[in-house]
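have a look at this prediction, sequence included:
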Amino acid sequence: MLHLTLLLHLLVFSLSPAGASVNGEVPHFYGAEEATGYGPVFEEQPVDTIYPEESPEAKITMNCRARANPPATYKWMLNDIEIDLNQENSHYSLVGGNLAISNPSKNNHVGKYSCLATNTYGTIVSREASVQFGYLDLFSSEERSSVYVKEGQGVVLLCAPPPHYPAELSFRWILNEFPTFIPLDKRRFISQSTGNLYISKVDSSDKGNYSCIASSPSISKSVFSNYIPLEPLAAERTNRKYPADLKVKFPDTTALVGQNITLECFALGNPVPEIRWKKVDGQLPPNHEVRMAGAQLHLYNVQFEDGGAYKCEAINSKGKDHHSAHVSVEAFPEWVEHISSIEKDLNSDYTMSCTASGKPKPHIRWLKNGKPVDRKEMRFSGLTFDDSGMYQCIAENHHGLIYANAELRVYACAPTFEHNPVKRVLAARNGRVVIECRPKAAPKPAFSWSKDTELLSNSTRVFIWEDGSLEILNVTRADEGRYTCFAENDRGKANSTGSLLVTDSTKITLPPSNADVKVGENAWMECAASHDSSLDITFIWSLDSRVIDLHKESQHYERNPNGSSNGALLIKNAQLKHAGLYTCTAQTPVDNITASAHLVVRGPPGAPGGVRMINKTDKSVTLQWSRGADNHSPISKYTIQYRDQFSKDVWKNATTSPADVEGNTETATVVDLFPWTEYEFRVIATNTLGTGDPSSPSPKDKTLDSVPVVAPSGVGGGGGTSRELTITWTPVEPQYYYGPNFGYIVAFKPREENQWKRVAVADPQAKRYVHKDSNIPPLTEFQVKVKAFNGKGEGPYSLTAVIYSAQDAPSEAPLIVDCRALSATVATVSWIPLTQSNIDGYQVKYWRNHEDSEGGAQRVVVSSRENHTKLEGLKPDSPYFIEIRGFNSAGFGMASKHCQIHTKKPPPSRAPRIISKKLKGQSVNIAWEHVEPMANESSIDGYRVLYRQQGHSTGTLYTTSRRYIDLPLPADGNYVVEVRAHTEGGDGAMAQIHLTGGGVVIAQSLSVLSLLLAALLCLNL
């Protein structure tokens, strides 16, 4: 009866073609056959566009392209309103899916655009993309006022960029002319937020005209401001110092995860301040870089943990300033889980799920075929064909939004095995096997199985799973045969037949054994197996459940090739990381079996952990740590190393008490440290097999403060301005400060007195002190000494030094004997030397009385041994005042009475024109035309002729009042003759002639005008 039932069952299935539908009809794009069409999938979407207002190309193109079958059609939305592409005189046109905007205007075409792609399966909407018009106006044409600042003070030059869009600009400054860009260094900084130029300490080299260049990378345009003249003024006191004063302070900043951000800080001050950065609640992130001589902190690839308060400090010897602000890290939406295209059975249940991360937390909304769906969750109970379509979930926060697109296709069909028939399966004897049955069918079919002609049912050894798969346990040879799966639903039925072949099971005949080696030694792990001769065998090794890649790790692992029944593993040059549980898996296409063994690798100890200070004094700290792994060899000793704020990342071995730190201890005291010094420590363990890696450094901490013990060296001084006592010394190195509030006590007294006068200098970097007292006689012998102090007390004095107070400045004024102009550009002045013995030299000051103020005068310094000098480089035909002062180290004496001169008119600018040259036996006669000077030039006194060998600068100089000259003809070689008009204002332009072995060659006259024309021609070339 059972056989009859099975035969009837098979007959029914054989009369129904595989995959046939027997109940009702389905929409034309769903059926038993695989549908070849699909809904739109975007390949290109529009992006935010900035259109330059001055663009020569009067066109904007917004891209949109979707893959779809049948091909998609497109339409576009502007600010959620459909664009009418057929409107008369429309600026819009469609090219494929792309939207072209011709002659765009700011009033009509700014906004948010989105593209819709549609075919018979549904509609999807692209991301929104904005169109904005970019511009960068010219700077204001108003003239910029001059900026006057004393040398040594700081200055800010305002850029004041013009109106622009978008907001991002980059800034540079030029000095005097393009392209002389201002170099940025510790003293100068350009803020990329405001464009302002900051100079922390102005000096005379900063004089000039400054212009700000603002550049917009978005529209590739740059504009220049009008020049700002900067006039440094000489300071009354050359060494006046100013404390650090922060002028650039970064604001509270919000960054997105993955972004790069730059924080700016810059300070004015003299000396130039040093900028330091800190993270208030921890260490600066590893992804930071300090740039622009400390003025910028750049954070790369910002992460949430980089958020917090950041602080910049500006420090110089006169004081410090600081600023803190908060960096908040937020995130653009990012999918944690999103929808994907799927086919689902008719009447089945289904839930679409989208989850997104972001900060602030994103809001999720849904679209179906481009239309909003008012549902928080897309949950379907009993799917219908109407639920098919294109779905989009959108995650949005105020940083932006992301889309996930998927097609949901609801289908119904009779079972079919066309694309997934039941397969031939191998199984190992005594093992387990699963034969899959996976027809395409909707609704879900009912399943049954037969072996050969026997209908199967669930038993202790045979199970039919809910998904149709057949499971057989404890497989025997009797289970071999043909297996048929039957599937049936309300739309039809189908069947498919496969076979089961039973093989011998795989067994490990030689398992691996536990092994124990030292670092650097080799170890064998044996593994051999028996298996079915008809199957190939492969051995796979793993270490602590991680599969070993024998190719990538061939430096340490080697094994017999696959195919052999022996899979022994050689571990070469074993390291600590190679210790663990080794598992050998013998695997055939049908089954696998495993065996494991432990490998112990003995080596140097691992790094200790948790190093920290538990007690400290001014010169010692007590450390505590946790033992690291001994790696199977007892720890014999520990070495403690330190580095401090002065060691530049160099670790040094510390002195400990006791001197040897035994391996069974976890504390030690480090001695011989410097007070008030920031240290970090690390611990290194050693055993009989070597020395291990160092621990992580301990948190940085300072020893307690103590009284200074190092006195300043190099105490001396003397000189200076009248009625002053100048005391100098070499400052103490910072590691010897030993405490906060470090400074110096300067003690001094005249040699014959007993009472010392003491003065405190609070600047730790100070190297001099000037004591001013109108009662100090000049050149008086003083004894001086200096010692250091800090908040804990005073240190020892230096050795006593002997110095002398400043001498008086010269009390007399020199008497000028003679001053006169020698030519148009040179004058001479002489005077009677001062009789005082303390004169170091003379300063000669001269200026034009009708153009230069006395403040713009030029100066020449002359030795005390001289009583005259030449003044060169004067302006022709100009009146000059001259005065002279004696000076010494105390300053300048009284000025002489002014002496006035008037420089000569300039010599003729035109050269003589040579009109003839005649050979007369062994001489040559050269004649020239008379030079007529212009009204503003000196009259001609005669002519000067220089006769020299070519390549030499000197020769024979002749002076004549005539307009010709006879010169001896050279026997050989090349000679040059130069003719100039001579006046009281000097020699004029030169004419030149060459003599070559008895021949004559005339060179062009070189006037000032011709030289200028030649220079211009060269420049044009």
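Done, it's in. Predicted model, so just to flag it, every value in this text is computed and none were measured.

would you map the helices across this structure?
Along the chain, the stretches classed as helices by DSSP state H are 2-15, 106-109, 1008-1020.

what's the distance between the top strand by length along the chain and the middle of its chain?
In the chain, with assignment by DSSP state E, the single longest strand is strand 319-337. Here strand 319-337 is found 18 Å from its chain centre; the criterion is C-alpha atoms, centre = their mean, to the nearest Å.

show me what that strand is packed against.
In terms of contacts (3 or more C-beta pairs under 8 Å, 6 or more residues apart in numbering; DSSP states H and E), strand 319-337 is packed against strand 242-249, strand 253-256, strand 261-270, strand 308-316, strand 355-359, strand 389-397, strand 400-411. C-beta: built from backbone N, CA, C; applies to glycine.

quickly run through the sheet partners of the shortest one, with directions.
Same thing as strand 253-256. strand 319-337 (parallel) (DSSP bridges).

ok, residues contacting stretch 959-967?
Identification of contacts with stretch 959-967 by C-beta atoms under 8 Å, 6 or more residues apart in numbering yields 920, 923-930, 941-945, 947, 958, 977, 982, 995.

ok, 6 Å please
Contacts with stretch 959-967, where a contact means C-beta atoms under 6 Å, 6 or more residues apart in numbering, come from 923-928, 930, 942-945, 947.

I'd like the mean pLDDT over that stretch, please.
Per-residue pLDDT values across stretch 959-967 average out to 88.

for T583, give the beta-bridge partners.
With DSSP bridges as the rule, T583 is bridged to S542, S596.

burial check on it, number of neighbours?
21 (other C-beta atoms under 10 Å).

which residues touch it?
For T583, counting by C-beta under 6 Å, 6+ apart, the contacting residues are 542, 594, 596.

ok so, going back, most widely separated two among the contacts of stretch 959-967?
S923 and H930 (22.6 Å; C-beta to C-beta).

the two - which one has more neighbours?
Neighbour totals were compared for S923 and H930, and S923 leads with 13 against 10 (other C-beta under 10 Å).

name the nearest residue to that one, sequence neighbours excluded.
D966 (4.9 Å; C-beta to C-beta, 6 or more residues apart in numbering).

and the one you found, how far is that from Y947?
Going from D966 to Y947 by C-beta to C-beta, to the nearest Å gives 11 Å.

quick check: mean pLDDT across the longest strand of the chain?
Average pLDDT, strand 319-337: 93.

give me the angle between that strand and strand 261-270.
180 degrees (axes from the mean of the first three to the mean of the last three C-alpha atoms, to 10 degrees).

buried residues in strand 319-337?
For strand 319-337, a neighbour-count test (16 or more other C-beta atoms under 10 Å) marks 320-323, 325, 327, 329-333, 335 as buried.

repeat that for stretch 694-712.
694-695, 697-698, 702-703, 705-708, 710-712.

all the strands of the stretch 701-850 of the chain, residue numbers only.
Assigned by DSSP state E, counting those that start in this stretch, the stretch 701-850 of the chain shows strands spanning 701-702, 713-717, 724-730, 743-750, 757-761, 768-772, 781-790, 793-797, 801-804, 815-821, 827-832, 841-848.

specify the stretch among those that is closest to N107.
N107 lies closest to strand 841-848 among the strands of the stretch 701-850 of the chain, at 62.6 Å (C-beta to C-beta).

could you give the bridge partners of the closest residue to T677 other than its chain neighbours?
The shortest distance from T677 to any non-neighbouring residue, by C-beta to C-beta, 6+ apart, is to D644 (5.2 Å). Beta-bridge partners for D644, by DSSP bridges, are Y679.

can you give me the pLDDT of D644?
Taking D644 on its own, its pLDDT is 92.

quick check: the gap between it and L673.
Note on D644: its distance to L673, by C-beta to C-beta, is 8 Å.

residues near V770, how many?
Applying other C-beta under 10 Å, I find that V770 has 14 neighbouring residues.

so who does it touch?
Shown in contact with V770 (C-beta under 6 Å, 6+ apart): 724, 726.

if we use 7 Å, what do you get?
Counting by C-beta atoms under 7 Å, 6 or more residues apart in numbering, V770 touches 720, 724, 726.

ok, D345 next?
Contacts of D345 (C-beta under 7 Å, 6+ apart): 412, 442-444.

tell me the pLDDT at it?
The per-residue pLDDT reported for D345 equals 88.

what sits opposite it in the beta ladder?
Y411.

give me the distance between S916 and S102.
Applying C-beta to C-beta to S916 and S102 gives a distance of 79 Å.

the closest residue to A529 other than its chain neighbours and S909, how far apart?
Nearest residue to A529 in three dimensions, chain neighbours excluded: A586, at 3.7 Å (C-beta to C-beta, 6+ apart). According to C-beta to C-beta, A586 stands 107 Å off from S909.

what stretches of the stretch 851-1000 of the chain score poorly on pLDDT?
Within the stretch 851-1000 of the chain, the ranges that satisfy pLDDT under 70 run 851-855, 997-1000.

for it, what spans make up the strands?
Applying DSSP E, counting those that start in this stretch to the stretch 851-1000 of the chain gives strands spanning 858-863, 868-871, 879-888, 891-895, 899-902, 914-920, 923-928, 942-949, 956-960, 964-968, 974-983, 986-996, 999-1002.

what's the angle from the longest one to strand 923-928?
Spelled out, it's strand 986-996. Strand 986-996 and strand 923-928 are oriented at 140 degrees to each other (the same axes, to 10 degrees).

could you list the low-confidence segments of the stretch 151-300 of the chain?
236-239.

can we see that at 80?
Along the stretch 151-300 of the chain, the parts satisfying pLDDT under 80 run over 234-240.

about what we covered before: of the contacts of stretch 959-967, grab the buried ones for ChimeraX.
Buried subset of the contacts of stretch 959-967, written as a ChimeraX selection, criterion 16+ other C-beta under 10 Å:
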select :924,926,928,943,944,945,947
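
and which of the contacts of stretch 959-967 is nearest I614?
Checking those against I614 with C-beta to C-beta, the nearest one is R944 at 93.4 Å.

bridging residues for the closest one?
Assessed by DSSP bridges, R944 has beta-bridge partners T959, R980.

neighbours around the closest residue to S141 other than its chain neighbours, how many?
Closest residue to S141 apart from its sequence neighbours, by C-beta to C-beta, 6+ apart: N226 at 7.0 Å. By the criterion of other C-beta under 10 Å, N226 has 13 neighbours.

same question for G719.
Other residues lying near G719 total 16 when counted by other C-beta under 10 Å.

surely it meets S889?
Yes: with contact defined as C-beta atoms under 7 Å, G719 counts as touching S889 (4.4 Å).

quick check: neighbours shared by these two?
Common neighbours of G719 and S889, counting by C-beta under 7 Å, 6+ apart, are A806.

nearest spatial neighbour of D877, skipping sequence neighbours?
Among residues not flanking D877 along the chain, K905 sits closest, at 4.9 Å (C-beta to C-beta, 6+ apart).

quick check: that neighbour touching I940?
No: checked against C-beta under 7 Å, the pair K905 and I940 is beyond contact range at 11.7 Å.
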